[in-house]
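**Q** sequence-free structure coming up:
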């Protein structure tokens with residue numbers, strides 16, 4: 001499933017909590033994402049890698065989406081958009097999907113300033129964990145947050161993530177290297193033995 005053409009991919013968890021839903025990105029999202037990134041450029045600057053000006057344009061988002069769609073088709077990631085009342089309000093991605101004996105990924109997400117502090121990120125993360133553990137059959141989801149990003153840490157903790165430790169100078173954002181807290185969440189079907197979810 002590439003999301004390049006045809007019908008949009010189905011929404012996930014429709015109706016479980018009205019207003020917040022996820023779906024895989026599609027090329028038609030380029031214009032909306034460009035506008036959302038541009039409107040939230042300063043808000044996201046402390047947390048996101050440095051971006052060239054072209055990233056915030058429709059063409060820049062088309063280029064980005066081509067890469068995401070191709071990686072999704074190869075099974076390397078699950079790139080999603082967060083919808084609030086049907087409108088794109090952020091992004092959530094299961095990155096670096098590993099199979100074999102690891103069966104893991106790491107999650108990244110952001111929500112536009114207009115929707116922050118309203119439980120949108122927490123609900124989106126809850127829904128994407130269903131994708132990771134049920135649809136993709138993964139055993140472990142990892143996450144990193146800057147040590148001073150307490151809001152994101154609360155989102156992870158609300159969704160059952162456990163803090164494992166601190167990775168020193170782990171990410172270069174906002175002009176310098178930052179320490180990050182490392183979190184993990186194991187699948188609800190984990191019993192210490194079983195490789196994949198039952199059934």
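**A** Alright, I've got the coordinates. Just so it is clear, the structure is predicted and the values come from calculations on it, not from any experiment.
**Q** what packs against the helix or strand hosting residue 172?
**A** Per DSSP states H and E, residue 172 falls inside strand 162-173. Packing partners of strand 162-173 (3 or more Cβ pairs under 8 Å, 6 or more residues apart in numbering; DSSP states H and E): strand 140-146, strand 176-186. Glycine gets a C-beta too; all of them are placed from N, C-alpha and C.
**Q** closest one to residue 54 among those?
**A** strand 176-186 (23.5 Å; Cβ to Cβ).
**Q** Tell me which strands that closest one pairs with, and in which orientation.
**A** Using DSSP bridges, the strands paired with strand 176-186 are strand 140-146 (antiparallel), strand 162-173 (antiparallel).
**Q** Assumed residue 71 was part of a helix.
**A** Yes. Judged by DSSP: H, G, I helix; E, B strand; the rest coil, residue 71 forms part of a helix.
**Q** list the contacts for it?
**A** Neighbour list for residue 71: 77, 79 [criterion: Cβ atoms under 8 Å, 6 or more residues apart in numbering].
**Q** and it, what pLDDT?
**A** Looking at residue 71, its pLDDT stands at 98.
**Q** ok, back up a step: mean pLDDT, distance to residue 182 and mean neighbour count for the strands paired with strand 176-186 - can I get that in a markdown table?
**A** A markdown table is the format used below for the strands paired with strand 176-186 (pLDDT from 0 to 100; distance: least, Cβ to Cβ, whole Å; neighbours: other Cβ atoms under 10 Å):
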| stretch | mean pLDDT | distance to residue 182 | mean neighbour count |
| --- | --- | --- | --- |
| strand 140-146 | 97 | 6 | 20 |
| strand 162-173 | 96 | 5 | 12 |
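**Q** Can you check which of those strands gets nearest to residue 50?
**A** Of all the strands paired with strand 176-186, it is strand 162-173 that lies closest to residue 50, at 7.3 Å by Cβ to Cβ.
**Q** Can you list the neighbours in contact with the closest one?
**A** Residues outside strand 162-173 that contact it (Cβ under 8 Å, 6+ apart) are 46-50, 144, 146-147, 153, 157, 177-185.
**Q** hmm, back to that, between the strands paired with strand 176-186, which one is nearest to residue 107?
**A** It's strand 140-146; of these, that one is closest to residue 107 (Cβ to Cβ) at 5.1 Å.
**Q** Tell me which helix or strand comes right after that closest one.
**A** For strand 140-146, the succeeding helix or strand toward the C-terminus, using DSSP H and E, is helix 150-158.
**Q** buried sites along that next one?
**A** Within helix 150-158, the residues scored as buried using 16 or more other Cβ atoms under 10 Å are 152-153, 155-156.
**Q** still on that earlier bit, which among the contacts of strand 162-173 count as buried?
**A** 47-48, 144, 146, 153, 178, 180-185.
**Q** ok, back up a step: helix 150-158 and the strand holding residue 172, what's the angle between them?
**A** 150 degrees (axes from the mean of the first three to the mean of the last three Cα atoms, to 10 degrees).
**Q** what does the strand or helix carrying residue 125 rub up against?
**A** Element membership of residue 125, judged by DSSP H and E, is helix 120-130. When contacts are defined by Cβ under 8 Å, 6+ apart, helix 120-130 is touched by residues 12-13, 16-17, 20-22, 78, 80, 82, 84, 89-90, 92, 94, 107, 109-111, 141, 152, 155-156, 158-159, 185.
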